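Asker: Based on what follows, work out the 3D shape:
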Amino acid sequence: MRQARVERKTKESHVLVELNLDGDGSISVDTGVPFFDHMMSQLGKHSGFNLTIKTTGDVEVDSHHSVEDTSLAFGQALREALGDKAGIRRFGDSMVPLDEVLVQAAVDLSGRPYLVHRQPEIVELIGTFDTTMGKHIWESIVAEAHIALHIRVLEGRNAHHVFEAQFKAVARALRDAVSLDGRVAGIPSTKGSL
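Answerer: So this is what the prediction gives:
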């Protein structure tokens, strides 16, 4: 079973992430940050992963610690669930429209963390959610998952749509990349490891 359970405790938050890469898109997300819950739910649903997240944090300060620590824990869970990566497709990409927004995402489960993130200027708040956290969410996931991720918002102006389409696009790219491929013998790298 390609699954992981990660618990992350700091003085600022307590995060539990349970991830099953071979799920059916069953999700339960509660971070104490409603907009972020909505985004992580998109990630779980559209990747086809089973994803449970429970975070308690110092949201009375602001949402930063809860969002960051949840993102780090999710990245770690993804890395652990992939194991040695034998038999996976490794690469995945997607193009996702959401009304006026168009997002392209590409991922390489390379073992090397690298992020390229391009999005237009958007409003700083969606409700009470700080949109400047957007890039940092992806940086945190990439750092712990040890993946290369490229996200480009090609069109778009509505902040909610810009965020949501990114999460859906990354989900679809991950869905392809983690898929098992019967034509792949062992590790999909000439180096013999990822």
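Asker: my read: Asp130 touches His64, true?
Answerer: Yes: checked against C-beta atoms under 8 Å, the pair Asp130 and His64 is within contact range at 7.3 Å. C-beta: built from backbone N, CA, C; applies to glycine.
Asker: Just give the closest residue to Ser189, not the sequence neighbours.
Answerer: Arg90 (7.6 Å; C-beta to C-beta, 6 or more residues apart in numbering).
Asker: which residues does that neighbour contact?
Answerer: 108-110, 177, 184, 188-189, 194 (C-beta atoms under 8 Å, 6 or more residues apart in numbering).
Asker: How much space separates it from Asp176?
Answerer: Taken as C-beta to C-beta, to the nearest Å, the spacing of Arg90 relative to Asp176 amounts to 9 Å.
Asker: quick one: contacts for Glu18?
Answerer: Taking C-beta under 8 Å, 6+ apart as the contact definition, Glu18 lies against 3-5, 50-53, 77.
Asker: ignore the last one, His64
Answerer: Under the criterion of C-beta under 8 Å, 6+ apart, the contact partners of His64 comprise 130, 133.
Asker: hmm, 7 Å instead?
Answerer: Under the criterion of C-beta atoms under 7 Å, 6 or more residues apart in numbering, the contact list for His64 reads Met133.
Asker: cool, and Ala106?
Answerer: With C-beta under 7 Å, 6+ apart as the criterion, the residues that contact Ala106 are 93, 150, 173.
Asker: Name the member of those residues with the most neighbours.
Answerer: Using other C-beta atoms under 10 Å as the contact criterion, the top neighbour count among these goes to Ala173, which has 27 neighbours.
Asker: neighbours around the closest residue to Glu100 other than its chain neighbours, how many?
Answerer: Counting by C-beta to C-beta, 6+ apart, the nearest residue to Glu100 once its immediate chain neighbours are dropped is Gly156, at 5.8 Å. The local packing of Gly156 (other C-beta under 10 Å) involves 21 other residues.
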